[in-house]
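# Sequence and predicted structure below; questions after.
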Amino acid sequence: MEIPGNVIESMSRLSKLNLDFLEFVRENPACLDRSNFKLLELHNELFVLQPWPTFIDRQHQTHFKAVNVKLWDLVRAIPRRVFGNDKEKMARFYEVPLETIQLQLAGVNDSHIENLTGRIDFILSPSGLKCVECNFSASLGGWQVPIWESLYLNTPLIAQFFKEYSVKTYNENLISHFLEQVIYAAPQEILQRDGQWNTAIVYREFLDGKSTVQNYLNTLYKNILKQRGSGLQGRVYLCDYPHLEIADGYLFLKGEKIHHLVELYNGRVPPEILEVFKAGHIRLLNGPVSRMLGNKLNLALLSDHDAAPVFDAEEKEFIDRYVPWTRKIMPGSTCFAGKTVDLLEFIRSNRQGLVLKPGGSYGGKGVCVGIKASDQEWRESIETALRGKNWVVQEYIETIHGLYQAGVSGCSIHDMSWGFFMFGPRYAGLWIRVMPGEGSKGVINCHQGASVSVVFIVNDEDKNSKLIH
């Protein structure tokens, strides 16, 4: 098994254990056979687990946390800082009816913005992190990471590697972080008045009945409430919108008052429940504002900061370092690499260095990666973008590469996409999606066929590591 030099360089910088694992694979060819990782077969239409894990050292974890917290704060502040909370200005920029903006911001205040949940997606290039998307939603891929971690640790070959190399991990429970944030966001006056904080998680696939997931969540929730002290009580309920009732302006589920509503509906909330939120009688995570803050046009607002002069010199330097060149697709001139260019002509002439994306899409839908597209596909994507208006063009970022298991038996070079979870102001952890680069369309997304490699955080104290910034 030959390991290319660029893979050795990038993976060893993340953690020396990545190379140790590849050496373990060389010594244990059974690792090449996918049938030896049966515990990782999820039988899930969307998520496929990559049999080989990924390791990062705690130095990188600290760096990733700092970058994500700062970028998260910048994006969350866009309505206030860039638009001055002027709804008409927002409607013009996002090219949606004013009524849409009014709905998205209904009941939203600083406290609501402070406690939003989401995930920031990056490409880790040879020169460092580059943000390609900010997702503001509770309905995100990756929630299952703590469960997947346990599956990896109980897979015989992976367990053997951990034992032989005395691997100690420093992973934290992503779901515990989320539930801690749910309780952290609870207003003190309500806790003192009701003595409890009940959370309902609504989603379409809910089946009424005994749920091991609900039991698992409540075990964690009970422990967190106990740590909080003061005899605080509460439960987590799984349900769908039709199971909820409104009485006297408050929200109830089977007679129990609901204080916190987590919607897994991509921002959709029934009007009558939205009225309860607007009255201040429930906390809502995240609600309709997700659509605005998750729009890829927001990266254009950051990248084109000369057109939105609200950022100070330090913030501009940070943006230039971690946000790739991004622009809203529309006629006119702009700046690229210090030069003024006609934007549409520049897009047409530089296919291999650019990516086109619908502003409001998810799952990689509609994304056209120029280096992977034909001339005709590129022209058609430009025309679609001009008709749709709400599109961005972004500089293409080359990913570092990893070597992962592939096919029934074997391995191949994979592209990598990194997702970092943010719960309110808190960084909560990460996941990696990987996809064989050869023959792909360049979109590293589970909806497009990428698999998930669980990330283990380790301590490389004995290694002179060079941080990938």
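The structure has been received and is ready for your questions. Numbering: from 1, shown residues only.

# make it CA atoms for all contacts and neighbour counts henceforth
Noted.

# which parts of stretch 427-439 are buried?
427, 428, 429, 430, 431, 432, 433, 434, 435, 436, 437 (16 or more other CA atoms under 10 Å).

# ok, what's across the strand from the fourth one?
For residue 430, the beta-bridge assignment (DSSP bridges) gives partners residue 420.

# what about the strands in the stretch 1-150 of the chain?
For the stretch 1-150 of the chain, the strands defined by DSSP state E, counting those that start in this stretch cover 54-57, 117-125, 128-136.

# Pick the one among the buried residues of stretch 427-439 closest to residue 391.
residue 433 (24.1 Å; CA to CA).

# Show me what the one helix or strand residue 319 maps to packs onto, helices and strands only.
Element membership for residue 319, per DSSP states H and E: helix 313-322. If you count contacts as 3 or more CA pairs under 8 Å, 6 or more residues apart in numbering; DSSP states H and E, helix 313-322 packs onto strand 128-136, helix 297-303.

# could you redo the last one with a cut-off of 6 Å?
strand 128-136 (3 or more CA pairs under 6 Å, 6 or more residues apart in numbering; DSSP states H and E).

# So the closest residue to residue 372 other than its chain neighbours versus residue 317, what's the distance?
The shortest distance from residue 372 to any non-neighbouring residue, by CA to CA, 6 or more residues apart in numbering, is to residue 441 (5.5 Å). Counting by CA to CA, to the nearest Å, the separation of residue 441 from residue 317 is 31 Å.

# if we can go back for a sec, switch the buried residues of stretch 427-439 over to CSV; also include pLDDT, secondary structure and distance to residue 169.
Below are the buried residues of stretch 427-439 laid out as CSV (pLDDT from 0 to 100; DSSP: H, G, I helix; E, B strand; the rest coil; distance: CA to CA, whole Å):
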residue, pLDDT, secondary structure, distance to residue 169
427, 96, strand, 18
428, 94, strand, 16
429, 94, strand, 13
430, 96, strand, 14
431, 96, strand, 15
432, 97, strand, 17
433, 96, strand, 20
434, 96, strand, 21
435, 95, strand, 25
436, 93, strand, 27
437, 82, coil, 29
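
# Return the closest of these with respect to residue 372.
For the buried residues of stretch 427-439, the nearest to residue 372 is residue 437 (10.1 Å; CA to CA).

# show me where pLDDT drops low in the stretch 151-300 of the chain?
Applying pLDDT under 70 to the stretch 151-300 of the chain picks out residues 208-210.

# could you pull out the helices for it?
Along the stretch 151-300 of the chain, the segments classed as helices by DSSP state H, counting those that start in this stretch run 156-164, 174-184, 188-194, 212-228, 271-278, 289-293, 297-303.

# Kindly export the second one (C-alpha atoms) in CSV.
Coordinates of the C-alpha atoms in helix 174-184 are reproduced here as CSV (Å, rounded to 0.1, in the frame of the first residue of the first chain):
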residue,chain,number,x,y,z
LEU,A,174,-21.9,16.6,21.1
ILE,A,175,-25.5,15.9,22.3
SER,A,176,-24.6,16.7,25.9
HIS,A,177,-23.2,20.1,24.6
PHE,A,178,-26.5,20.7,22.9
LEU,A,179,-28.7,19.9,25.9
GLU,A,180,-26.4,22.0,28.1
GLN,A,181,-27.0,24.9,25.7
VAL,A,182,-30.8,24.3,25.9
ILE,A,183,-30.7,24.7,29.6
TYR,A,184,-28.2,27.6,29.5
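
# hang on, the earlier thing: could you say which of the helices of the stretch 151-300 of the chain is packed most deeply?
helix 297-303 (a mean of 25; mean count of other CA atoms under 10 Å).

# Report all helices and strands that it contacts.
strand 326-328.

# Does residue 457 belong to a helix, a strand or coil?
strand (DSSP: H, G, I helix; E, B strand; the rest coil).

# what's the burial count for residue 331?
Residue 331 has 11 neighbours, counted by other CA atoms under 10 Å.

# now do residue 107
Around residue 107 there are 18 residues (other CA under 10 Å).

# what's the answer for the one 10 residues further on, then?
For residue 117, the tally of surrounding residues (other CA under 10 Å) stands at 24.

# pretty sure it is touching residue 423, no?
Yes - at 4.5 Å, residue 117 counts as touching residue 423 under the criterion of CA atoms under 6 Å.

# circling back to that earlier point, for the residue nearest to residue 372, what are phi and psi?
The phi and psi values for residue 441, taken as degrees, to the nearest 10, are phi -90, psi 0.

# follow-up on the earlier one: residue 441 and residue 317 - which one has more neighbours?
Shown here are residue 441 and residue 317; by other CA under 10 Å, residue 441 has more neighbours (15 against 11).

# Tell me how far that one lies from residue 106.
Residue 441 is 39 Å from residue 106, where distance means CA to CA.

# do residue 51 as well
Taken as CA to CA, the span from residue 51 to residue 106 is 44 Å.

# Then residue 298?
Taken as CA to CA, the span from residue 298 to residue 106 is 20 Å.

# next one: stretch 152-162 to chain centre, how far?
Its chain's C-alpha centre and that of stretch 152-162 lie 27 Å apart, by CA atoms, centre = their mean, to the nearest Å.

# Report the backbone C-alpha coordinates of that stretch in CSV.
Written as CSV, here are the backbone C-alpha positions of stretch 152-162 (Å, rounded to 0.1, in the frame of the first residue of the first chain):
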residue,chain,number,x,y,z
TYR,A,152,-16.0,2.7,15.9
LEU,A,153,-14.6,2.0,19.4
ASN,A,154,-16.5,-1.4,19.4
THR,A,155,-15.3,-2.4,16.0
PRO,A,156,-12.7,-5.1,16.5
LEU,A,157,-10.0,-3.8,14.1
ILE,A,158,-10.3,-0.3,15.4
ALA,A,159,-10.3,-1.4,19.0
GLN,A,160,-7.2,-3.4,18.2
PHE,A,161,-5.4,-0.3,16.9
PHE,A,162,-6.4,1.7,19.9
